[in-house]
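Engineer: How does the following fold in three dimensions:
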Amino acid sequence: MSYELIWEPEGVVQRYTGMLTADSLLGATKRVHCDPRYDHARYVIADLSAIEGHSMTPIVLTELLAHLYGAHASHPNCRMVFVTVDRLLALLIERVLKTSDDKSYEVEIMPSEAAARDWLASQPALHAMSDVMGFLIR
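Structural biologist: This is a model prediction of the structure:
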């Protein structure tokens, strides 16, 4: 499995090919979150359209959910879109990342990168404040 990170002015595309593994998905996510450009990203598009198969499980996606939760604490103004037409993979993403009580980022699943970009363009800008330092009044 390989992936490519393509940084754009307002976000990043994670383009995966071959077999999607936990190491590649989590590794790409960690690389994105550690990059200073992520602090200003509006979106992450995880393009899974060219994968040949995957070894995703609820456990792997729960680990991804934890990484997203941590990143959301310091940068809450981002959305994540998965591009796939694999119904089972989409259902797994939906079940773990979209409907979890621990979800953080808004997550969508689209059938093409063009559809993902159209959806992102239709969304209002997010202007949430980070609560990393605990300044928000509860």
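Engineer: Would you mind listing the buried residues in the longest helix along the chain?
Structural biologist: The residue-count maximum for a helix in the chain (DSSP state H) belongs to helix 58-74. By 16 or more other CB atoms under 10 Å, the buried positions in helix 58-74 come out as 60, 61, 63, 64, 65, 67, 68, 71, 72. (C-beta placed from N, C-alpha, C; glycine too.)
Engineer: residues in contact with the helix or strand of the chain with the lowest mean pLDDT?
Structural biologist: Taking mean pLDDT, DSSP states H and E as the measure, the chain has helix 58-74 as its least confident helix or strand, at a mean of 93. Contact with helix 58-74 is made by 22, 25-26, 29-30, 33, 38-39, 78, 80, 92-93, 95-97, 100, 102-105, 130-132, as judged by CB atoms under 8 Å, 6 or more residues apart in numbering.
Engineer: Centre-most residue in the protein?
Structural biologist: A centroid search over the chain (CA atoms, centre = their mean) returns residue 80, at 3.7 Å, as the residue closest to the centre.
Engineer: do you know how far it is from residue 52?
Structural biologist: 22 Å (CB to CB, to the nearest Å).
Engineer: again with residue 26
Structural biologist: Between residue 26 and residue 52 the computed distance is 19 Å (CB to CB).
Engineer: out of the two, which sits in the more crowded spot?
Structural biologist: The residue with more neighbours, out of residue 26 and residue 52, is residue 26; 16 against 10, by other CB atoms under 10 Å.
Engineer: What does the pLDDT read for that one?
Structural biologist: pLDDT for residue 26: 97.
Engineer: now do the one 10 residues further on
Structural biologist: Reported pLDDT at residue 36 in the predicted model: 95.
Engineer: what does residue 102 give?
Structural biologist: With respect to pLDDT, residue 102 has a value of 78.
Engineer: try residue 135
Structural biologist: 51.
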